[in-house]
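Novice: Predicted model and sequence below, questions to follow.
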Amino acid sequence: MIRHLLSAADLDRDTATLLLDTARQLGQALTGREVKKLPTLRGRTVVNLFYEDSTRTRVSFETAAKRLSADVVNFSAKGSSVSKGESLKDTAWTLQAMGADAVVIRHPASGASHRLAGWVDGSVLNAGDGTHEHPTQALLDAYTMRERMGRLDGLRVTIVGDVLHSRVARSNVLLLRTLGADVTLVAPPTLLPVGVETWPARISYDFDAILPKTDVVMMLRVQRERMTDSFFPSVREYSRRYGLDLRRAALLPDDALVMHPGPMVRGMEIAPEVADSARSAIVEQVANGVLVRMAALYLLLSGEKGAE
Amino acid sequence: MVERAHNTPGPSRELLSDADIGRVVDRIAHQILEKTRGARDVTLLGIPTRGVPLAVRLAERIRSFEGVEVPHGALDVTLYRDDLRLRGARPLGPTSVPAGGIDGRRVILVDDVLYSGRTVRAALNALYDIGRPLQVQLAVLVDRGHRELPIRADYVGKNIPTAHSEKVSVLLRETDERDAVVLHGGDL
Amino acid sequence: MNSWLIQNASIVGRETADIAIENGVVTEVGTGLTAPEGARVLDATGLIALPGLVDLHTHLREPGREDAETVESGSRAAALGGYTAVCAMANTSPVADTAGVVEQVWRLGRDAGLVDVQPIGAVTVGLKGEHMAELGAMADSAANVRIFSDDGFCVADPKMMRRALEYVKAFDGVIAQHAEEPALTAGAQMHEGEFSSQLGLAGWPAVAEEAIIARDCLLTGHVGSRLHVCHVSTAGSVEILRWAKSKGWRVTAEVCPHHLLLTDERATTYDPVNKVNPPLRTDTDIEALRAGLAEGVIDVVATDHAPHSSEDKDCEWAAARPGMLGLQTALSIVVKTMVEPGLLDWDGVAERMSRRPARIAGLDGHGLDPAPGVPANLTLIDPAASWTVVPNELASLSRNTPYAQMTFPATVRATFLRGEATVLEGKAQK
Ligand SMILES: [Zn+2]
C-alpha cells in the first residue's frame, strides 16, 4: 500500500479499486448500526492541518477519522501559530513531535502536501493543494459514479468549466482515466492550461455536441473573479456557452448523472432547476466523502508497520 | 484463519474429504436445531471469507431438516483486529446483517478454523457494535487448538490437534475448486 | 608571492608550455623556462590553463542579505569556480542605483581580494522602472560601472528601455536586460507547458521572454546602442538573437549553466531548489541553447549565481524565491554539456567564459590568454578529474544548489588573480 495520498496519480488501478471497494464495505459495515464507530485506528492520531477555510472537507475528514476511533487534532490556520507566519516546515516539525500518524493538509500552494511529506514520518493526505490536486474528492466522485452508474470502465465523463484553476479536475482526469473512464474536458480555451493536450482526456469547446454522448457531466465551479482577469467577457456569455441549463440538460441521455463538487454558483455554471434535479447525487456525495476518506485512512494507516 | 493450499509448500495431507465435510455440516446443523430447540430465534453470521458460505450451507440444511428459515449474513471483522499494524492493511470482507438485525437474537458466529481465538474476539466486539443479541454461540468446521484467549466453540466439525508449524486449509466449492480440509507442513 | 613558474600546462587546451609570472604579470610562455627570482614552482602536468573566468551575472547579496551571501563568500565561491572577475548584480538592499552603493560593493570586493568584483548599476531607481537612476554618476564613480541592469525585474516600459539604451551611449555602457514581459508572467512559477499544467503551477510562457528580446533588439537597432540579454532560456530567443545579429545590431547574450542542463521536469518534486527565473525549460530549448552557444549566437555563459537562505527555499514552491547557486559548478556543467558532446573545444570555453564576457564588461585586464605582458589572471583545470557536488562543502553561505549528489567532469585546481593564488590544489587560499 502507498504511504501518502498526494495525487490521484499515486493510485494505480488495483489500489484505486481496492480503495473504492473498501469504502463500499465500510458503508455496509456501518449500515443500520447503533454504534457508528469502528475501533480500527484506536490510539492513532490524525491531524487536520487546514490553511484554507473548508468546513465541508475538514468535517468530512474529521468524521472519517473519528468513525475509525482515531484521535483527531484540528490545526487551523486561524488562531494558531500558523497565522503568525510560522513556516510550513516548522509546523511539520511540531506535528512530528506530536507523533501524528497522519496529517490531512489543505493548503493554497500547489505542492504543499508534497513538501510536507518530505518533512514528517506519518502519512500525508492531500485535501487540496492550490490549483494542483484534491485526490479524495476525485475518489468520492468516482465512488458516486460507480454506485450510480454501476461501472467506471468505458464511462463517458464530461468535465466542464474552469479546468485551469481546478484541483478537482486534475485529480478526476487522472483517477477516472486510471479506472478506465473516457474523460472529455469542455471549457473556454482561456480556462484550459497550456499543456492540457498531454493529459489523458479529450478537449472540446462544443458543449452541445458532447452532451448526447455523455454518461456523467461534472460542472466545475467558476469564480466570478475570473471575469475581471479576462478569462471570459461576462457571466452571461459564460453561462450561455458553458452553463448547464434546462435545454442542455435535456440533451443528456435519460440515465445520465449530473455532478458538482460544490460549492455551486447557481445560475452561472448550472441552472437552479438542473442543480435541484441533480441534488440527490450532491447529497449522497457527502456521505460517500466520509466513506472514501475512511477507506483512505484505513489503508494508509493500518499498513504502516507491516508493509513497506 | 484462512490459508491457501496452493501457496503452501511442503507435504500435505487431506484430513476431511468432500463427503466428510457434507456429513460434518449436516451434524452441526442437527446440533444447532437440538441445542437451540428448533433454531427459531437463531441468526447465522459467517466470518469472511469461508465462514460466509458455511453459514449459508448451515441455513440450507436447517431448512431442509426442519423447514425453518434461519436468517443468515456475513460479519467482517478486519476492522476489529488487533494485528492490523503488524500485518498491514488488508482488503475488507463483506458485512451483511439480515433484515431485522440481531437484537434479541441467538447469534451463531460461523468460521472455518478456530485457532488463537483472536478472530472470534474481534467478531464479538464487532457484534456488540451492531446490536444486542440474546446469546452468542460459535460454530467452526475445524478446531486446531492453540487458543490464546478464553474462547471455545459450541459446535465443532472436527478437532484436529496440530503443531504451530503446520497450516490448516479449508477449501470450499464456493471459493475454491472443491470441498476439503488439508494439513500442510510440520513433520508428517 | 605574485611570482610563479607554472610548468607543463596545456595553454587553453593547445600546446604544453611553462608560464612564468613575475609580480603578477606573465613574463614568458614557452618550454623549459627557469623560475623567476623568488617564484614558486607549480607542476601543471595534465592541467589546462585558461584565462581566468569572468561572470557577467552574479548575485552577491551584500548589502542587505548577508545571511545568504557576502561579497567575500561569493568571491571565494567564484575563485573556486575558476573565476577572476564577477559582475555583481544591482538588486541588493539598498539597490545599487547610486554611486555610493556601487562604490561600496566595489571596495568590499577589493578588500576580499579573491576576484575582481565589478558592480552592475541599476537602470531605474529602486529597480521600479519609473525613474532612470544616475547612470552617469555610477559610470564616473570609482566602480567605473559600464553594465546597467534592473535584473530580477524587466525594464518593461518600452520608452524607459529606449531612453536607457540611448543614454548609456555617452560612456559606452550596455543595458543588460532581464527579458520578462510582466503582464504575461503575473504569479508565474515555472515554464508553461506539460508539467505546469499537471502541477497546477502558474506558467511562465516562453513568449514572455521572446517578446521582450524582439522588442529590445529592435530598439537597440533603432537607437544604435548596446544591448546585452541576460539568461536566454528558450529556443525562440535564440532564433530572434540570430536574426538581430544578422542585422549587425550590437546585441550580446548569455546563457546560464542550469538552462543548458536541467528541464522543467525537475519541478515535479515541488522542491524549490529547482525554482529559478527564467524557469527551467524543455529538452528542445536545451538543444537550441547549446547549439546557439556553440554557434556564437549566444556569446557567453553567465552563472546567475543566486544564493538564498534556507527559509527562502525550505518552503512551498510558490513561497520560495527563485535562483540557484552557480559559481562553483558553471565550468563543470559547460564541460559536461558542451565540451564532452563536442560542441565546444577549450578555446571555445575560454571565449565564452572569459574573453567575451571580459570584453562585454569592459574589464581590460581580464579575458586574456597567457602571454608576455598580460596580467596573470589564470585558472588551471584538471579535465580528467570528476567531482560530486556536496552542498555543505560549497563556499557559498547558501545551500540552494540543484546539483546535490550529481557528479561532474573537470575540477578547478588553481586560480590566480594578478599572480596571487586565490585557489591552490582546489582549496581557497583566503
Ligand atoms: Zn534575471
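Specialist: Received it, and whenever you're ready, just let me know what you need.
Novice: Show me the helices in chain C, by range?
Specialist: Assigned by DSSP state H, the helices in chain C fall at C:71-80, C:99-112, C:135-140, C:158-167, C:194-199, C:206-223, C:235-246, C:257-261, C:283-295, C:330-334, C:346-350, C:356-361.
Novice: meant to ask about chain A
Specialist: In chain A, the segments counted as helices under DSSP H are A:13-30, A:55-67, A:88-98, A:112-117, A:135-149, A:167-178, A:207-210, A:225-228, A:235-242, A:246-249, A:272-277, A:279-302.
Novice: Distance check, the closest residue to A:Ala109 other than its chain neighbours against A:Asp121.
Specialist: Residue nearest to A:Ala109 in three dimensions, not counting chain neighbours: C:Glu316, with 3.7 Å by C-beta to C-beta, 6 or more residues apart in numbering or on different chains. (C-beta placed from N, C-alpha, C; glycine too.) Separation of C:Glu316 from A:Asp121 (C-beta to C-beta, to the nearest Å): 20 Å.
Novice: tell me the pLDDT at the residue of chain C found nearest the ion?
Specialist: Scanning chain C for the residue nearest the ion gives C:His178, at 3.7 Å (criterion: C-beta to the ion). C:His178 carries a pLDDT value of 98.
Novice: right, and it touches C:His231 too?
Specialist: Yes: C:His178 lies in contact with C:His231 (C-beta atoms under 8 Å); the separation is 7.4 Å.
Novice: For the residue of the stretch 301-430 of chain C found nearest chain B, grab phi and psi.
Specialist: Residue nearest to chain B within the stretch 301-430 of chain C: C:Glu316 (30.0 Å; C-beta to the nearest C-beta). As for C:Glu316, its main-chain torsions (degrees, to the nearest 10) stand at phi -60, psi 150.
Novice: who touches it in this structure?
Specialist: Counting by C-beta atoms under 8 Å, 6 or more residues apart in numbering or on different chains, C:Glu316 makes contact with A:88, A:107, A:109, A:111-112, A:115, C:270, C:272.
Novice: Kindly report the same for C:Gly323.
Specialist: By C-beta under 8 Å, 6+ apart, C:Gly323 lies in contact with C:59, C:275-277, C:304, C:306-308, C:400.
Novice: for C:Lys247, same thing?
Specialist: C:Lys247 touches C:217, C:221, counting by C-beta under 8 Å, 6+ apart.
Novice: ok, residue 182 - how many residues close by?
Specialist: Unless you meant another one, I'm taking chain A. By other C-beta atoms under 10 Å in any protein chain shown, 18 other residues sit near A:Asp182.
Novice: oops, I was thinking of chain C
Specialist: Using other C-beta under 10 Å, the number of residues around C:Pro182 comes to 13.
Novice: wait, what's in contact with the residue lying closest to it once chain neighbours are set aside?
Specialist: Sequence neighbours aside, C:Ala156 is the residue nearest to C:Pro182 in space, at 5.2 Å (criterion: C-beta to C-beta, 6+ apart). Contact analysis of C:Ala156 by C-beta under 8 Å, 6+ apart lists C:129, C:180-183, C:212.
Novice: hmm, which of these are the buried ones?
Specialist: Neighbour counting by 16 or more other C-beta atoms under 10 Å in any protein chain shown classes C:129, C:180-181, C:212 among the contacts of C:Ala156 as buried.
Novice: how about JSON lines for the residues you listed, with distance to B:Pro91 added?
Specialist: Below are the buried ones among the contacts of C:Ala156 laid out as JSON lines (distance: C-beta to C-beta, whole Å):
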{"residue": "C:Gly129", "distance to B:Pro91": "61"}
{"residue": "C:Glu180", "distance to B:Pro91": "52"}
{"residue": "C:Glu181", "distance to B:Pro91": "54"}
{"residue": "C:Ile212", "distance to B:Pro91": "57"}
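Novice: from those residues, which is closest to chain A?
Specialist: For those, the nearest to chain A is C:Glu181 (15.5 Å; C-beta to the nearest C-beta).
Novice: Leaving out sequence neighbours, find the closest residue to the closest one.
Specialist: Nearest residue to C:Glu181 in three dimensions, chain neighbours excluded: C:Ala208, at 4.3 Å (C-beta to C-beta, 6+ apart).
Novice: and that neighbour, what pLDDT?
Specialist: 98.
Novice: Quick check: the gap between it and C:Ala188.
Specialist: C:Ala208 sits 8 Å away from C:Ala188, going by C-beta to C-beta.
Novice: swap in B:Gly73?
Specialist: Noted for B:Gly73: a distance of 58 Å to C:Ala188, by C-beta to C-beta.
Novice: same thing with C:Ala202?
Specialist: Taking C-beta to C-beta as the measure, C:Ala202 falls 5 Å from C:Ala188.
Novice: Is C:Pro158 in contact with C:Val223, as I believe?
Specialist: No: in this structure C:Pro158 lies outside contact range of C:Val223 using C-beta under 8 Å: 11.7 Å.
Novice: Which one's more surrounded, those two?
Specialist: Neighbours per residue (other C-beta under 10 Å) separate C:Pro158 from C:Val223, with C:Val223 holding more: 16 against 13.
Novice: Contacts only, for that one.
Specialist: Contacts of C:Val223 by C-beta under 8 Å, 6+ apart are C:162, C:165-166, C:169.
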